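Enquirer: Sequence plus the predicted model coming up.
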Amino acid sequence: MNQRFAGAIFDLDGTLVDSLEDIALAMDAALARFGLPGHPLTAYREMVGEGAEVLARRASAGAAGLDLGALAAAYRDEYAARDHRSTTVYPGIVDLLAGLVAADVAVAVLSNKPDDFTRDLVTVRFPDVPFVAVRGQRSGVPRKPDPTVALELARLMEQAPARLAFVGDTAVDMQTARAARMTAIGVLWGFRGHDELVGAGAHHLLHAPGDLLAL
């Protein structure tokens with residue numbers, strides 16, 4: 001491997017795992033608690049990526065007088081009850097992570113999914129990967145695209161931001177990478193697509209996980 005990066009920080013949903021069905025069914029169940037209609041699975045592709053509160057706002061758009069905090073809390077309850085049952089690891093991801101670790105490339109995870117869900121999902125789906133750190137959305141800590149936690153991870157990885165790749169599937173991930181002065185790498189198998197990633201400033205696009213090893 002021609003090692004260009006000393007480390008890689010990965011988004012989780014839509015990048016390492018396909019969790020869309022669990023997210024969608026959990027939010028549909030939460031909406032039903034408030035007498036609100038659900039959405040087609042594909043509609044959630046555009047709603048996710050910025051945390052539970054933003055997801056709740058988007059999923060309930062137009063509902064007058066709704067307590068968004070209560071809806072977000074109901075979503076968390078429903079998501080926890082699903083226990084990641086429909087979430088799968090994208091093909092090629094396990095081999096990619098193994099290849100990076102074998103090449104002494106440090107790896108970490110940064111998600112806007114609530115921190116407890118993020119840590120649990122990574123532990124369940126990637127039990128053998130020695131991530132330097134795993135971070136999700138935490139109370140009082142700015143979420144992506146704010147670069148604060150990305151830079152925290154760079155310090156934990158003991159690398160300058162310029163030596164790190166930030167890998168994700170949404171504009172938020174590309175914006176985070178650029179704000180942290182990391183290389184922005186977009187994945188084309190995730191929840192969004194080419195135009196959004198390019199428009200948000202992706203430096204590279206990956207058609208398959210193994211493409212990252214070529215960098």
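Expert: Okay, I see it.
Enquirer: Give me the packing partners of whichever strand or helix holds A184, helices and strands only.
Expert: In the assignment (DSSP states H and E), A184 maps to strand 183-187. Counting contacts by 3 or more Cβ pairs under 8 Å, 6 or more residues apart in numbering; DSSP states H and E, strand 183-187 packs against strand 164-168, helix 171-179, strand 204-206. Backbone N, C-alpha and C define where each C-beta goes, glycine included.
Enquirer: Which among those is found nearest to D28?
Expert: helix 171-179 (22.9 Å; Cβ to Cβ).
Enquirer: Now do the closest one and strand 164-168, the angle between them.
Expert: Interaxial angle of helix 171-179 relative to strand 164-168 (axes from the mean of the first three to the mean of the last three Cα atoms, to 10 degrees): 170 degrees.
Enquirer: what's in contact with stretch 187-199?
Expert: The contact list for stretch 187-199, computed with Cβ atoms under 8 Å, 6 or more residues apart in numbering, reads 13-15, 20, 45-46, 48-49, 90, 167-171, 174, 186, 205-209.
Enquirer: hmm, 6 Å instead?
Expert: When contacts are defined by Cβ atoms under 6 Å, 6 or more residues apart in numbering, stretch 187-199 is touched by residues G14, T15, R45, Y90, D169, T170, A171, M174, G186, L205, L206, H207.
Enquirer: can I get the CA coordinates of it in CSV?
Expert: Listed next in CSV are the C-alpha coordinates belonging to stretch 187-199 (Å, rounded to 0.1, in the frame of the first residue of the first chain):
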residue,chain,number,x,y,z
VAL,A,187,-18.5,7.2,-0.5
LEU,A,188,-20.9,6.5,-3.2
TRP,A,189,-22.6,3.5,-1.7
GLY,A,190,-24.2,5.5,1.2
PHE,A,191,-27.4,7.5,1.8
ARG,A,192,-26.7,10.4,-0.5
GLY,A,193,-24.9,10.7,-3.8
HIS,A,194,-22.3,12.1,-6.2
ASP,A,195,-23.7,15.6,-6.7
GLU,A,196,-24.1,16.3,-3.0
LEU,A,197,-20.6,15.1,-2.1
VAL,A,198,-18.9,17.0,-4.9
GLY,A,199,-20.9,20.1,-4.1
